[in-house]
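> Okay, sequence plus prediction incoming.
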Amino acid sequence: MPTRKALSEVAHDFHGRGWMAGTAGNLSARSASRPDCFWITASGLPKGQLEPSDLILVDSESDEVMQRFKDSAKPSAEVAIHRCIYGLFPEARACFHVHTVEACLAAGRVSADADSLPLPALEMLKGLGLWDQKPQASLALFDNLLDVPQIAAQIQQRFQAQPPQIPALMIRDHGVTVWGASLQQAYNRIEIVEFLMSYLARRP
Ligand SMILES: CSCCC(=O)C(=O)COP(=O)(O)O
Ligand SMILES: [Zn+2]
């Protein structure tokens with residue numbers, strides 16, 4: 001399936017789950033024909049109604065828009081985070097960001113200055129590549145700053161120094177971002193991370 005169509009279908013799916021309410025969240029995938037560019041959702045659109053023509057092709061290294069289908073469309077306000085992920089992880093081909101109540105509640109269970117969220121040692125961690133008997137995993141936490149490029153700079157600095165244990169991060173009071181080597185892998189991984197967030201949020 002063409003990348004833009006696949007991304008619009010993922011947006012409908014996630015909106016249906018309540019993961020992209022009220023225009024929240026953004027999705028991207030590297031271009032199949034131009035790996036130096038990626039398609040990203042346009043900013044401020046209701047993701048449940050997203051069309052393939054609402055995807056914008058941007059350069060992976062600059063702020064340049066390479067292709068758009070609607071004149072007024074602008075790349076996601078969080079494009080800097082997607083660019084940072086593709087730059088840090090050359091194997092990443094898709095990057096998904098969603099907003100869920102569970103992730104915000106789960107992240108709220110650790111102190112406000114904690115930089116990571118310990119994850120429960122559930123079987124589901126195998127889906128994130130952790131095969132230990134009792135994995136001690138955690139999700140990297142970042143502060144939610146108004147200045148999104150500043151969040152991206154913090155991700156860059158931290159992950160360059162120490163790669164994350166799992167292919168995901170959480171912006172506190174905001175939402176999770178997950179990446180994968182294909183759309184399907186990113187899709188599977190975000191389901192797993194949200195499963196873990198839901199577990200943590202509900203655990204007494
Ligand atoms: C109510 S959504 C606020 C902005 C945000 O966090 C988000 O994920 C959506 O931003 P975009 O520019 O990608 O629509
Ligand atoms: Zn967001």
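Sure, I can see it. Ligands and ions are numbered 1, 2, ... in the order given.

> so how far is residue 169 from the spatially most central residue of the chain?
Central residue of the chain (C-alpha atoms, centre = their mean): residue 177, 2.4 Å from the mean position. Using C-beta to C-beta, to the nearest Å, we find residue 177 at a distance of 5 Å from residue 169. (Glycine included, C-beta is placed from N, CA and C.)

> List, one by one, the residues from the protein near ligand 1.
Neighbours of ligand 1 within the chain, by C-beta under 6 Å from any ligand atom: 22-26, 41, 43-44, 76-78, 97.

> ok, then the element right after the helix or strand harbouring residue 176?
Using DSSP states H and E, residue 176 sits in strand 175-180. Counting by DSSP H and E, the next helix or strand C-terminal to strand 175-180 is helix 183-202.

> for the record, mean pLDDT for that following helix?
The pLDDT scores in helix 183-202 average 98.

> For the protein, which segments are assigned as strands?
26-30, 37-41, 55-59, 65-67, 94-98, 116-118, 138-142, 168-171, 175-180 (DSSP state E).

> so residue 164 makes contact with residue 140?
Yes. Between residue 164 and residue 140 there is a contact under C-beta atoms under 8 Å: 5.1 Å.

> Those two: who's more crowded?
residue 140 (21 against 17; other C-beta atoms under 10 Å).

> what pairs with that one across the strands?
Counting by DSSP bridges, residue 140 is bridged to residue 116, residue 169.

> re the thing from before, okay, the strands of the chain in JSON lines with mean pLDDT next?
Compiled in JSON lines, the strands of the chain are given as follows (pLDDT from 0 to 100):
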{"stretch": "strand 26-30", "mean pLDDT": "98"}
{"stretch": "strand 37-41", "mean pLDDT": "98"}
{"stretch": "strand 55-59", "mean pLDDT": "98"}
{"stretch": "strand 65-67", "mean pLDDT": "98"}
{"stretch": "strand 94-98", "mean pLDDT": "99"}
{"stretch": "strand 116-118", "mean pLDDT": "98"}
{"stretch": "strand 138-142", "mean pLDDT": "98"}
{"stretch": "strand 168-171", "mean pLDDT": "98"}
{"stretch": "strand 175-180", "mean pLDDT": "98"}
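
> Dump those into JSON lines; add distance to residue 15 as well.
Output for these, formatted as JSON lines (distance: least, C-beta to C-beta, whole Å):
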{"stretch": "strand 26-30", "distance to residue 15": "11"}
{"stretch": "strand 37-41", "distance to residue 15": "11"}
{"stretch": "strand 55-59", "distance to residue 15": "15"}
{"stretch": "strand 65-67", "distance to residue 15": "24"}
{"stretch": "strand 94-98", "distance to residue 15": "10"}
{"stretch": "strand 116-118", "distance to residue 15": "25"}
{"stretch": "strand 138-142", "distance to residue 15": "23"}
{"stretch": "strand 168-171", "distance to residue 15": "20"}
{"stretch": "strand 175-180", "distance to residue 15": "14"}
